[in-house]
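Undergrad: Okay, predicted coordinates and the sequence, questions at the end:
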There are 2 protein chains.
Amino acid sequence: MVTTNFDAPSPLLAADVDGGTFRLRPATRDDLPAIVGLLADDALGAGREAGADMAPYEQAFAAIDADPAHLLIVGELVPAGGAEGSVVATFQLSFLPGISRQGAWRSQIEGVRVDARHRNRGIGELMVRWSIEESRRRGCSLMQFTTHKTRTAAHRFYERLGFEASHEGMKLAL
Amino acid sequence: MVTTNFDAPSPLLAADVDGGTFRLRPATRDDLPAIVGLLADDALGAGREAGADMAPYEQAFAAIDADPAHLLIVGELVPAGGAEGSVVATFQLSFLPGISRQGAWRSQIEGVRVDARHRNRGIGELMVRWSIEESRRRGCSLMQFTTHKTRTAAHRFYERLGFEASHEGMKLAL
């Protein structure tokens, strides 16, 4: 007999981190305060987020959740011997069709954040490597993102994982 | 009485260029050879496209056409006194939800190409300015794209239109 426990779906990834278990799973609406907290706890994000009003975040979550082209993911850390995990990381992965490069699908990662208290333990690498594999599994032939030029440690991190800073990332506030 | 001529839908934009009329409209499947030709006629694109096999392009077109988040646009030039236009330009504009920046929608432009015989006549600027206005109209608060670091003339063009090369554009072939 196959039984399904909807309260505890299979994680997208589970790995040992710091003696505990790090798990990736799709974000739910209840994760939004933790996600916004991670986005705001950042040199650039601090001036861009406003967690007091959750309504715009909830609208954005609804749009992402309704479209299978976009995955909003959280990473939970369950301490050794613990049962409950807490959200310590997040990112969004999107799958975009295009005509160029022989009709290539490309994936795009966005808003990669790890709680400052849990950095340098391989969590970011676990998330990006999972994203690379998921992008391949879905038939993407290119993965891409933009990262602010001031994030030099992030550039080294991504270059170590094989990414190349071959392009300028241009932005216009509307 | 309102009449609708489905054979000649209203263009998204119409402007005088070189004494003729430049029009933007959504691409159809029949435009694919012209679009692929524009993508291939490019220093970087020449090594990436393979117009002999149209099947992957047709699959990509079907995915784009089925999803209102992505607009594949062509620009036609109708010569003075002429009735028929020919495709001289193309781009894709996508609208992406996200949690960061207070749940901001962002637009992303991709594959902007103008036929080499019709450059430096304002066609690129008409397309990008239309994209900026359409992005605003759809509630996006940011417009973005990546452009290869070797495309220095393109960088100056986009900076003149207000874009800032604030980010690194990182890519990984999968």
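TA: Sure thing, it's come through. Numbering: from 1, shown residues only, chains lettered A, B, ... in the order given.
Undergrad: Please make it C-alpha for all contacts and neighbour counts, starting now.
TA: Will do.
Undergrad: what residues does stretch A:17-30 touch?
TA: For stretch A:17-30, the external contacting residues (Cα atoms under 8 Å, 6 or more residues apart in numbering or on different chains) are A:11-16, A:58, A:61, A:71-81, A:121-123, A:127.
Undergrad: Quick check on those: which are buried?
TA: A:14, A:58, A:61, A:71-79, A:123, A:127 (16 or more other Cα atoms under 10 Å in any protein chain shown).
Undergrad: In strands, which of the contacts of stretch A:17-30 fall?
TA: Using DSSP state E, the members of the contacts of stretch A:17-30 that fall within strands are A:13-16, A:71-78.
Undergrad: Among those residues, give me the pair with the biggest separation.
TA: Distances among the ones in strands among the contacts of stretch A:17-30 were taken as Cα to Cα; the most separated pair is A:D16 and A:L71, at 23.1 Å.
Undergrad: Next, format the ones in strands among the contacts of stretch A:17-30 as JSON lines and append distance to chain B.
TA: Converted to JSON lines, the ones in strands among the contacts of stretch A:17-30 look like this (distance: Cα to the nearest Cα, whole Å):
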{"residue": "A:L13", "distance to chain B": "20"}
{"residue": "A:A14", "distance to chain B": "23"}
{"residue": "A:A15", "distance to chain B": "23"}
{"residue": "A:D16", "distance to chain B": "26"}
{"residue": "A:L71", "distance to chain B": "10"}
{"residue": "A:L72", "distance to chain B": "9"}
{"residue": "A:I73", "distance to chain B": "11"}
{"residue": "A:V74", "distance to chain B": "12"}
{"residue": "A:G75", "distance to chain B": "16"}
{"residue": "A:E76", "distance to chain B": "18"}
{"residue": "A:L77", "distance to chain B": "21"}
{"residue": "A:V78", "distance to chain B": "24"}
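Undergrad: Only the C-alpha atoms, please, for the longest helix anywhere in chain A, written as PDB.
TA: The longest helix of chain A (DSSP state H) is helix A:123-137. Extracted C-alpha coordinates of helix A:123-137, given in PDB (Å, rounded to 0.1, in the frame of the first residue of the first chain):
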ATOM      1  CA  ILE A 123      24.500  25.600   1.900                       C
ATOM      2  CA  GLY A 124      24.800  28.000  -1.000                       C
ATOM      3  CA  GLU A 125      26.700  25.400  -3.000                       C
ATOM      4  CA  LEU A 126      24.100  22.700  -2.300                       C
ATOM      5  CA  MET A 127      21.400  25.100  -3.600                       C
ATOM      6  CA  VAL A 128      23.200  26.100  -6.800                       C
ATOM      7  CA  ARG A 129      24.300  22.500  -7.600                       C
ATOM      8  CA  TRP A 130      20.700  21.300  -7.100                       C
ATOM      9  CA  SER A 131      19.500  24.200  -9.400                       C
ATOM     10  CA  ILE A 132      22.100  23.100 -12.100                       C
ATOM     11  CA  GLU A 133      20.800  19.500 -11.900                       C
ATOM     12  CA  GLU A 134      17.200  20.500 -12.000                       C
ATOM     13  CA  SER A 135      17.800  22.800 -15.000                       C
ATOM     14  CA  ARG A 136      19.500  20.000 -16.900                       C
ATOM     15  CA  ARG A 137      16.600  17.600 -15.900                       C
END
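Undergrad: I'd like the buried ones among the contacts of stretch A:17-30 as TSV, with distance to A:A116 appended.
TA: Putting the buried ones among the contacts of stretch A:17-30 into TSV (distance: Cα to Cα, whole Å) gives the following:
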residue	distance to A:A116
A:A14	20
A:E58	24
A:F61	24
A:L71	23
A:L72	20
A:I73	18
A:V74	15
A:G75	14
A:E76	14
A:L77	13
A:V78	17
A:P79	17
A:I123	11
A:M127	16
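Undergrad: How far off centre is stretch A:42-56?
TA: Relative to the centre of its chain, stretch A:42-56 is centred 17 Å away, using Cα atoms, centre = their mean, to the nearest Å.
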